[in-house]
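[1] take a look and give me a structure for this.
(chains A and B)
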There are 2 protein chains.
Amino acid sequence: MVRRNAIYAQSGGVTAVINATASGLLETARAHRDRIGKVYAGRNGIIGVLREELIDTSKETAATVRRLRETPGGAFGSCRYKLKNPVADDPDIQRLFEVFAAHDIGYFFYNGGGDSQDTANKVSKLSQQFNHPMQCIGIPKTVDNDLSGTDTCPGFGSVAKYVAISTREAALDVASMSESSTKVFILEVMGRHAGWIAAAGGLAGDGRDEPPHVILFPEVPFEQPRFLEAVAKSVSKFGYCVVVASEGTQDANGNFLADAGTTDAFGHAQLGGVAPVLAGLVKHELGFKYHYAVADYLQRSARHIASGVDVDQAYAVGKGAVEAVVGGATDVMIGIERTRDDPYRWRLKHVNLSKVANVERTVPKSFLTKDGYGISARARRYLQPLIQGEAYPAYKHGMPVYATVKNQLVPKKLRSYEVS
Amino acid sequence: MVRRNAIYAQSGGVTAVINATASGLLETARAHRDRIGKVYAGRNGIIGVLREELIDTSKETAATVRRLRETPGGAFGSCRYKLKNPVADDPDIQRLFEVFAAHDIGYFFYNGGGDSQDTANKVSKLSQQFNHPMQCIGIPKTVDNDLSGTDTCPGFGSVAKYVAISTREAALDVASMSESSTKVFILEVMGRHAGWIAAAGGLAGDGRDEPPHVILFPEVPFEQPRFLEAVAKSVSKFGYCVVVASEGTQDANGNFLADAGTTDAFGHAQLGGVAPVLAGLVKHELGFKYHYAVADYLQRSARHIASGVDVDQAYAVGKGAVEAVVGGATDVMIGIERTRDDPYRWRLKHVNLSKVANVERTVPKSFLTKDGYGISARARRYLQPLIQGEAYPAYKHGMPVYATVKNQLVPKKLRSYEVS
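    Prediction:
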């Protein structure tokens, strides 16, 4: 059996558990040395592959690779870089196959969202034209949970858990203060086009009279009077109101609230920030004192409260990717299949890459309450299992012990290449 | 020995551990039934005492009282309400003593920051004029850590731990993304007048080349060119920059950056938000892509990652308050005394209320690095012990199990009273 090398690249926004996927992939590859020689990680993702900046992961100790399971962020670096035109005469594509050839790459693992699955698919197709046979495997990752062909995306369960817990905790806080102080609390969460993360905020309560009282999804057109009415009603009924707002909250014309032209003291347009816009509305239209939080990177890097299920699945898809190539598979994404809701049961499956590429999965209408401000029982059945278990990292001196990687590059064999 | 009732009131912003103090106080009071009859909790703090809305804590089960140790927020409600003029002929003061007399209150426990210690002190002094002998005990609580007479304030250690961990996690995230995307990450934390919480962000790294690269304290006048230079230098050296900014960041004239006149799309002035102002600067003056998070209530309610030391101290000051009155003490705050840095050793002490009232403790110069953007070794020696230990709450279905209190009011005996 021929032994060939592998390239692993992380792509797009990182998560609390993408390194758990790396851990699963590297540990499993090390158990298959007869087939898989070196595993190179692209430094900062595909950009590093193009630049021939290949991290020799064999230099990392077994303890470090194990520790990656508990470490947030992307240990080898990631990037936002889309191959512009994945055809044979594109310079990036030609360079990629030069690098693949120079380093005897027989396996390409691409760990990312929809774009990355598309890229993996196209690279695989092109390998025949370049006469460079290789197996290409997509590995799912995205906190947005918008990838089709899989029950959930590794990374999402941990954000979901963080957002659900943070919402409940902050709700207890504002409930304590509401008599004489803050009456409305707004938590802004990620999700530009899909409201899965906002939906997870709904798990903070049982959905009847418990907070969050209003959830804003990108899938539900924002109507200012109706929103203000819901907030006022909640304050009147419970004394306070907790809002979880997706950063992608938009009106019926698709205008993002966050892009509503906020300017700062220097007259600069401010991007981002649906929470301050909503807070301003609440203050000026209803006169309520507010507080808001913007979770931003905290939510997707919160490894300290990662979901046990999510960590297990993230590790499993990395492991499954290696087992897939050993078993001869190519052109597939390692998906997660749910076989039971309660107790939650799942297994891995292979999904043809052409079926997942660039198909965005949004929150279906059946997952929303009638008024569009809450989640349905069906949504709870789907979401609840994904936040099960607390996969705590180890601690030393009160701080989590996260892996430190050497990230040692292998010597270059090719001329340098400018990534545009 | 005469048996009399007690009033316990939470005051000001709540914390992740103020209920641990309540738990310590109630459990200890229950062990001294010979001296302490009922413990009434003011509903929403002192406002509830004025309104004669007294929660009968004896209705809460032992299990609930125990569970309060793990529950964030203020279980009985808190308030921002300062007795305007604590003299004998002030209507609020007269009402207070009416309530004290009607319910045979012999013990007054006030759980809050500097203002509350001051109030406890004044109420104690006035009790002689009202011929209503009672013991008044102040119990420290404030995430801001700005109270004098105690090594630290319960509530602070947990915020410190949350901010240190969140900073480290977000730093790993931005480090992964910086090659092609976000280069500057800003975390806004609480602390309007004292930079203790911002200082805790410094524990995320070892302070040399590790993030956070810039910490902004209220105690250090903000200078725009120097700040931008520090950010640019960090990006040039490490590829990215992590900033922890106190909400109280201000210029040499005491103008808060957050009040710098930001207006939203509706032309409304926006309050709060030093992070967006800094982000705007970074974007427009340096051209770097940024992300920012505003931790707001999340930081002070994050019971899921509370510091073990903080929870222990919070419980201890509640217990100590009851033991103090049983021992005959009055007019004191239950303070924490550090007897050793490493390993950290502490014990309770009694501090005369007149010595703590309204004395604000800010971060001393010796705790800062020379450039004012980091924390010194001395600061680390002080801060490090306070974030030790992970006092995880119990979990069920992936969510923390927090206490639900009945909050049953005792029948009123007096006419109603309007709190202004």
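[2] pull the contacting residues for the residue of the stretch 101-250 of chain A found nearest chain B.
    In the stretch 101-250 of chain A, the residue that lies nearest chain B is residue A:172 (3.0 Å; C-beta to the nearest C-beta). Backbone N, C-alpha and C define where each C-beta goes, glycine included. By C-beta atoms under 8 Å, 6 or more residues apart in numbering or on different chains, the contact set of residue A:172 is B:71-73, B:301, B:402.
[3] can you narrow those down to the ones near chain A?
    Restricting the contacts of residue A:172 to those adjacent to chain A (criterion: C-beta under 8 Å from any C-beta of the partner chain) gives B:71-73, B:301, B:402.
[4] can you point me to the longest helix in chain A?
    helix A:156-177 (DSSP state H).
[5] what residue ranges in the stretch 201-350 of chain A score low on pLDDT?
    Low-confidence segments of the stretch 201-350 of chain A (pLDDT under 70): A:260-272.
[6] just the helices from it, written as ranges.
    Here the stretch 201-350 of chain A has its helices, by DSSP state H, counting those that start in this stretch, at A:224-238, A:274-281, A:296-301, A:308-326.
[7] which SSE is whatever residue of the stretch 1-150 of chain A ends up closest to chain B in?
    Of all residues in the stretch 1-150 of chain A, the one sitting closest to chain B is residue A:73 (3.0 Å; C-beta to the nearest C-beta). Under DSSP states H and E, no helix or strand contains residue A:73.
[8] so what's the closest residue in space to it that isn't next to it in sequence scoring on pLDDT?
    Spatially, and ignoring its direct neighbours in sequence, residue A:73 is nearest to residue B:172 (3.0 Å; C-beta to C-beta, 6 or more residues apart in numbering or on different chains). On pLDDT, residue B:172 comes in at 98.
[9] hmm, back to that, and the contacts of residue A:172, which is closest to chain A?
    When the contacts of residue A:172 are compared against chain A (criterion: C-beta to the nearest C-beta), the nearest one is residue B:73, at 3.0 Å.
[10] what residues of stretch A:114-130 count as buried?
    A:114-127, A:130 (16 or more other C-beta atoms under 10 Å in any protein chain shown).
[11] same deal with stretch A:379-392?
    A:379-380, A:382-392.
[12] sorry, back to before: for residue A:164, state which of the ones next to chain A among the contacts of residue A:172 is nearest.
    Minimum distance to residue A:164 across the ones next to chain A among the contacts of residue A:172 is 12.6 Å, recorded for residue B:402 (C-beta to C-beta).
[13] in a strand, that closest one, correct?
    No - the assignment for residue B:402, made by DSSP: H, G, I helix; E, B strand; the rest coil, is coil rather than a strand.
[14] pretty sure it contacts residue B:70?
    Yes - at 6.8 Å, residue B:402 and residue B:70 qualify as touching, with contact defined as C-beta atoms under 8 Å.
[15] need the overlap of contacts for those two.
    Jointly contacting residue B:402 and residue B:70 under the rule C-beta under 8 Å, 6+ apart are B:303, B:393.
[16] any idea how far residue A:144 lies from residue A:25?
    Distance of residue A:144 to residue A:25, computed by C-beta to C-beta, to the nearest Å: 22 Å.
[17] so those two - more neighbours on which side?
    Counted by other C-beta atoms under 10 Å in any protein chain shown, residue A:144 and residue A:25 do not tie: residue A:25 has more neighbours, with 29 against 26.
[18] any residue of the helix or strand where the more buried one lies touching chain B?
    According to DSSP H and E, residue A:25 maps onto helix A:18-30. No - Helix A:18-30 stays clear of chain B (C-beta under 8 Å from any C-beta), getting no nearer than 8.6 Å.
[19] distance to chain B and mean neighbour count for the helices of the stretch 201-350 of chain A - can I get that in CSV?
    Formatted as CSV, the helices of the stretch 201-350 of chain A follow (distance: least, C-beta to the nearest C-beta, whole Å; neighbours: other C-beta atoms under 10 Å in any protein chain shown):
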stretch, distance to chain B, mean neighbour count
helix A:224-238, 10, 16
helix A:274-281, 4, 26
helix A:296-301, 4, 28
helix A:308-326, 8, 25
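[20] for stretch A:365-379, measure first residue to last.
    10 Å (C-alpha to C-alpha, to the nearest Å).
[21] next: stretch A:403-412.
    26 Å.
[22] name the residues of it that are buried.
    Quick answer for stretch A:403-412 (16+ other C-beta under 10 Å): A:403, A:405, A:407, A:409-410.
[23] quick one, phi psi at the residue nearest to residue A:328 when sequence neighbours are not counted?
    In space, and not counting its chain neighbours, residue A:328 is closest to residue A:135: 7.8 Å by C-beta to C-beta, 6+ apart. Dihedral pair for residue A:135: phi -100, psi 130, per degrees, to the nearest 10.
[24] coming back round to it: can you name the residues that contact the residue of the stretch 1-150 of chain A closest to chain B?
    Going by C-beta under 8 Å, 6+ apart, residue A:73 touches A:14, A:18-19, A:301, B:169, B:171-173, B:175-176.
[25] ok, 7 Å please
    A:14, A:301, B:172-173, B:175-176 (C-beta atoms under 7 Å, 6 or more residues apart in numbering or on different chains).
[26] quick one on the thing from earlier: format the contacts of residue A:172 as JSON lines; extra columns: distance to residue B:235.
    Formatted as JSON lines, these follow (distance: C-beta to C-beta, whole Å):
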{"residue": "B:71", "distance to residue B:235": "42"}
{"residue": "B:72", "distance to residue B:235": "36"}
{"residue": "B:73", "distance to residue B:235": "39"}
{"residue": "B:301", "distance to residue B:235": "33"}
{"residue": "B:402", "distance to residue B:235": "41"}
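[27] wait, which of those residues is closest to residue A:348?
    Among these, residue B:402 lies closest to residue A:348 (C-beta to C-beta), at 35.2 Å.
[28] ok, that closest one to residue A:230 distance?
    Distance from residue B:402 to residue A:230, counting by C-beta to C-beta: 25 Å.
[29] and the closest residue in space to residue A:174 that isn't next to it in sequence, what does it touch?
    Closest residue in space to residue A:174, ignoring its immediate chain neighbours: residue A:185 at 4.3 Å, by C-beta to C-beta, 6+ apart. Neighbouring residues of residue A:185 by C-beta under 7 Å, 6+ apart: A:170, A:174, A:242, A:291-292, B:297.
[30] residue boundaries of the strands in the stretch 51-200 of chain A?
    With strands called from DSSP state E, counting those that start in this stretch, the stretch 51-200 of chain A shows them at A:54-56, A:105-112, A:135-140, A:184-189.
[31] is the first one in proximity to chain B?
    No - residues of strand A:54-56 are not located near chain B by C-beta under 7 Å from any C-beta of the partner chain, the shortest gap being 12.8 Å.
[32] quick check: mean pLDDT of that strand?
    98.
[33] which helices and strands does it pack with?
    On a contact count with 3 or more C-beta pairs under 7 Å, 6 or more residues apart in numbering or on different chains; DSSP states H and E, strand A:54-56 meets strand A:36-42.
[34] what's the spacing between the residue of chain A positioned farthest from its centre and residue B:113?
    When distances are taken from the C-alpha mean of chain A, residue A:180 lies farthest, 38.7 Å away, according to C-alpha atoms, centre = their mean. Residue A:180 sits 15 Å away from residue B:113, taking C-beta to C-beta as the criterion.
[35] return the residues of the stretch 301-420 of chain A in contact with chain B.
    A:301-305, A:307, A:384, A:387-390, A:395, A:397-400, A:402.
[36] quick one: closest of the helices of the stretch 201-350 of chain A to residue B:140.
    Closest among the helices of the stretch 201-350 of chain A, using C-beta to C-beta: helix A:296-301, at 27.9 Å.
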